[in-house]
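Student: Here's my sequence, what's the structure:
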Amino acid sequence: MVGRQSFTLEEKNKFIEKVEETMNNGERSCVARVGRMFNMKAATARNMWKNRSQIQEAMKTKPASATKTISYLKKKNRKMIQVEVALFDWYQKQQALGCNVSNIRLQAQAHSLWIFMYERSKKGLPPFAFSDGWLNGFKRQHGLKMRTGHGESGSVILLDMLLEYNKSRHSF
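Tutor: Predicted coordinates:
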């Protein structure tokens, strides 16, 4: 076995399901044994089993194409995870409608979702800058590529973008 390993949520979920299946068959202390089947150390398997509720919750909230690991999710604010899931859903809907989504629109939508999430929770809005670095990480995480189709660069008008942004703010 190698040193530090990173497992996707799908791998962790399969591990948990296998442990539960083994325990349902009447076997005890099978966590480390099942972990060896998944090529992981006993301590890693025990920690994964201990944190199974967090893993299963993360599986419910993640988008289908994301391959986040729990260590990635631990670093993020829970509201930020919800914003990113909602933003990815919005992006997919815009693509399905054939709308052009630029980096600026993605950042503006993320900011409006951030404000909306905190207004609903009645908590003070912590400052968060949806910077280019955050945007690049979001696009890399979800496998998004911003490409200009044939002749689209001339047809994107700032006024249309602002109108679309104002409509999207009130469509929650």
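Student: Name the helix or strand for the residue of the chain positioned farthest from its centre, please.
Tutor: Relative to the mean C-alpha coordinate of the chain, counting by Cα atoms, centre = their mean, the farthest residue is Gly26 (35.7 Å). Per DSSP states H and E: Gly26 is located in neither a helix nor a strand.
Student: so how far is Ile55 from it?
Tutor: Applying Cβ to Cβ, to the nearest Å, the value for Gly26 to Ile55 is 24 Å. Every residue, glycine included, has its C-beta placed from N, CA and C.
Student: Ok, Gly137 next?
Tutor: From Gly137 to Ile55 the distance is 22 Å (Cβ to Cβ).
Student: quick one, which of those two is more surrounded?
Tutor: Shown here are Gly137 and Ile55; by other Cβ atoms under 10 Å, Ile55 has more neighbours (19 against 12).
Student: from memory that one sits against Ile16, does it?
Tutor: Yes: the pair formed by Ile55 and Ile16 meets the contact definition of Cβ atoms under 8 Å, at 6.4 Å.
Student: Next, show the common contact partners of these two.
Tutor: Met48 (Cβ atoms under 8 Å, 6 or more residues apart in numbering).
Student: Give me the neighbour count for Arg28.
Tutor: 7.
Student: ok, now the one 3 residues further on?
Tutor: Here the neighbour count serves as a burial measure; for Val31 (other Cβ under 10 Å) it reads 20.
Student: With the one 4 residues further on instead?
Tutor: By the criterion of other Cβ under 10 Å, Gly35 has 22 neighbours.
Student: Which secondary structure state is assigned to it?
Tutor: Reduced to three states with DSSP: H, G, I helix; E, B strand; the rest coil, the structure at Gly35 is helix.
Student: Alright, calling it a day.
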